[in-house]
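Undergrad: sequence unavailable; structure follows:
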C-alpha cells in the first residue's frame, strides 16, 4: 500500500511571520510534522510543498522530499486542493508514483505524533473507511447557539430544540483539529476535497490538538513539549 503525506508550508503568514519556520523547542515548527510523518510505519513518502526556498531547504535537511509550489497557488486565499493536486502531478511526472492514500499533515499541529498517524491509519483500514479526519471534543453547550436570520429573528444553529435541551440529552460534538486528514486518492481526485461520505473521526485530546496561530499558541506547545 502506497501512502503519501503532503505537508503544506507556505512561506507567508499573517498571524506569525514565517510561521512554519518559527522556533519551537529549538527547532523550526515544520520539523515536528516532518518527524511525525517519517516516524509513521504507514507513510512511504513525505512531501513538503512550499513556495519558500528556505522552507524547502530546511525540509530537505530533515528528510522530506520537496516540491516547489507556484506562487499562483500559494496566496492567502489559495485552495488547499490545488497544492495537493500539484504535488500529485509532480511525483507522477517525476517517477510515475501514485499513492493509494493521501495523508495531509499541517505544520501548525506540532503535537501530533507518528503514533497518532499510525493509530489513525489503523482505524481507517480496520473500518474500511474512505477518509478520516482528526478531531477533538467540544463542549455540548455550543449546540445551544442561536444565529440571527435575514429577518432579524433568532434561529437555532442546528435546530430550534437544542437551545432548550438538557445538556445530558445533547449529542457529543467534535471539531476538526487540523492535525490529520487521510483519504483514498481516487476519492480525493473525484471529489476534490478531504471529506467524503462515511468519513470517520480520530479523536485526540485538547492538549494534543493545539493549532499554532499565535505566539501564545507557540508558548503553550513549548510548555507541553518540555513537560513530556
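TA: In hand now; what should we look at? What you are looking at is a predicted structure, and each value in this text was computed from that prediction instead of being measured. Residues are numbered from 1 along each chain as shown.
Undergrad: can you give me the buried ones in the helix or strand of the chain with the lowest mean pLDDT?
TA: Ranked by mean pLDDT, DSSP states H and E, the weakest helix or strand in the chain is helix 215-227, scoring a mean of 91. For helix 215-227, burial by neighbour count (16 or more other CB atoms under 10 Å) applies to 217-218, 221. For glycine as for every other residue, the C-beta is placed from the backbone atoms N, C-alpha and C.
Undergrad: and for stretch 13-23?
TA: 13, 16, 19-22.
Undergrad: then stretch 132-152?
TA: 132-136, 140, 143-144.
Undergrad: just checking, what's the longest helix in the protein?
TA: helix 80-95 (DSSP state H).
Undergrad: on that earlier part again, pLDDT, secondary structure and distance to residue 167 added to the buried residues of stretch 132-152, as TSV?
TA: Output for those, formatted as TSV (pLDDT from 0 to 100; DSSP: H, G, I helix; E, B strand; the rest coil; distance: CB to CB, whole Å):
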residue	pLDDT	secondary structure	distance to residue 167
132	98	strand	28
133	98	strand	25
134	98	strand	25
135	98	strand	20
136	97	strand	19
140	94	helix	6
143	96	helix	9
144	95	helix	9
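Undergrad: can you pull out the helices in this protein?
TA: Under DSSP H, the chain gives helices at 29-39, 53-61, 80-95, 114-126, 185-191, 215-227.
Undergrad: tell me which of these is the most buried.
TA: Across the helices of the chain, averaging neighbours per residue (mean count of other CB atoms under 10 Å) puts helix 29-39 on top, at a mean of 22.
Undergrad: helices or strands up against that helix?
TA: Secondary structure elements in contact with helix 29-39, counted by 3 or more CB pairs under 8 Å, 6 or more residues apart in numbering; DSSP states H and E, are strand 3-8, strand 23-24, strand 45-50, helix 53-61, helix 114-126.
Undergrad: a markdown table for the ones you listed, including distance to residue 71?
TA: Output for these, formatted as a markdown table (distance: least, CB to CB, whole Å):
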| stretch | distance to residue 71 |
| --- | --- |
| strand 3-8 | 14 |
| strand 23-24 | 26 |
| strand 45-50 | 11 |
| helix 53-61 | 12 |
| helix 114-126 | 30 |
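Undergrad: give me the neighbour count for residue 47.
TA: Number of residues near residue 47 (other CB atoms under 10 Å) recorded here: 21.
Undergrad: list the residues that contact it.
TA: 4-7, 64-67, 87, 91 (CB atoms under 8 Å, 6 or more residues apart in numbering).
Undergrad: list just the nearest of these to residue 186.
TA: Using CB to CB, residue 4 is the member of the contacts of residue 47 that lies nearest residue 186, at 13.2 Å.
Undergrad: buried stuff in the strand ranked longest in the chain?
TA: Looking across the chain with DSSP state E, the single longest strand is strand 173-184. With burial defined by 16+ other CB under 10 Å, the residues of strand 173-184 counted as buried are 176-184.
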